[in-house]
Structure formats: C-alpha cells, structure tokens
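Novice: Here's my sequence, what's the structure:
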Amino acid sequence: MNRKQYKYKFNKIAENSIYNTMFGSSNTKFFPLPFSKTIKKRLETEYFFTNRKEVSYENENGNLIIQVEKHRHNQVYLSYLTLDNNFNEVPENPLINKDYREYYIQINYIEKELIIRPFLIFYNRSSKTRLYELTEDIEKIIFKEDEEFCRLTFKLEGFGAVNLMDIELNFLEIGDTSD
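Specialist: Down below sits the predicted model:
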C-alpha cells in the first residue's frame, strides 16, 4: 500500500469514526440528505463512448448492460457524455460545470465478472488537473478553487458483464449566486 492509499483509507476511517461519535451511525448511513434536486442521468448508448472494439453496450429496460470480451489492453475506458477518451483536453460536454451548488453523485451497478471503477476527471479552463476515483455509494463532488469542469469515465477491468443501473446527480443550493 502506498502513502496515498494509506492516507485515503486513514481519512475514511477517521471520518466514519467522527460521524459515529456525533450521530451514532456511519457517514454512509447518514444520507440521504434533503437534496434541492435530483437529476437521474440518461443511460442511452449514444451518451457513452469507447475506442475498444472488445467493449459493447446496450440499453435494456433503462439499464446499460456493458460487455467486455477477452483482450490484451492495459486500460479500457468507457466515457459518459464526452464522446472521446482524450482525458488531457477540456471536455466539450462535461458532467458538471462548477457553480454555486453542492453536488453529490451516486452510481448504482451490479458487477458480475467485470470490475467497473468510476472516475471523475477535473479540469480548469485549459487542462486536466486531477483524477478522482469514486469508491462510495454516494460521494460529494468537491471542486478545487481553480477547477471549472468534471467528466465521468469508467475504467473496465477484466472481461465479462456489468449492469449499470443509474447515475444520479443530487445537489443542494448553497450561498447566494448574485455575489
């Protein structure tokens, strides 16, 4: 385990301990918050992109069924809304533009043989700033001061199938946008 992984796990354990002490439950059970609005993102195939022929996906009863055949690639990605896998350039269709809202993202899926790892990629006005892996059922999206946009992509590990059931963006209005 490297230093970054250790720090991340330590912070998660500390956060859970604080919530448990303050509220008598873990932070994951502390939700749901009273969100101002929930946006359930559409899972039609035209909103997804991959450049690997071994990856196929289809919409079935509102869910996206992702299939990955055996392959020899080190990395396989499936992007959402931005129809390319050029992660170094600012996306034309980001998942979120930074504004005066507090966003939370929830991605529900059922892994079968295939492992799916959702990532948010953050950008300032000219380039990529960082990558953030979503590891919890629901997570707050935190923009750093210089960041303006983020996109969503899924890293697909192994081969087989996964059932992507929904992508939800929940947000709270914060502050006064007229300042």
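Novice: Would you mind listing the buried residues in stretch 56-68?
Specialist: For stretch 56-68, a neighbour-count test (16 or more other C-beta atoms under 10 Å) marks 57, 59, 63-68 as buried. C-betas here are computed from N, CA, C, even on glycine.
Novice: report the longest strand in this structure, please.
Specialist: strand 160-173 (DSSP state E).
Novice: show me what contacts the residue nearest to Gln75 when sequence neighbours are not counted?
Specialist: Among residues not flanking Gln75 along the chain, Lys155 sits closest, at 6.8 Å (C-beta to C-beta, 6 or more residues apart in numbering). Residues in contact with Lys155 (C-beta atoms under 8 Å, 6 or more residues apart in numbering) are 75-77, 116-119.
Novice: List only those of those residues flagged as buried.
Specialist: For the contacts of Lys155, buried by 16+ other C-beta under 10 Å: 76-77, 116, 118-119.
Novice: Just the ones of those residues in strands?
Specialist: Using DSSP E to define strands, the subset of these located there is 77, 116, 118-119.
Novice: and those residues as JSON lines, adding distance to Arg130 and pLDDT?
Specialist: Shown next, in JSON lines, are these (distance: C-beta to C-beta, whole Å; pLDDT from 0 to 100):
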{"residue": "Tyr77", "distance to Arg130": "17", "pLDDT": "96"}
{"residue": "Ile116", "distance to Arg130": "21", "pLDDT": "94"}
{"residue": "Pro118", "distance to Arg130": "15", "pLDDT": "97"}
{"residue": "Phe119", "distance to Arg130": "10", "pLDDT": "97"}
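Novice: Please give the element, helix or strand, for Ile13.
Specialist: helix 3-23 (DSSP states H and E).
Novice: for the record, mean pLDDT for that helix?
Specialist: Helix 3-23 comes out with an average pLDDT of 63.
Novice: helix or strand right after the lowest-mean-pLDDT helix or strand in the chain?
Specialist: Lowest on mean pLDDT, DSSP states H and E among the helices and strands of the chain sits helix 27-30, with a mean of 48. The first helix or strand that comes after helix 27-30 along the chain, using DSSP H and E, is strand 37-41.
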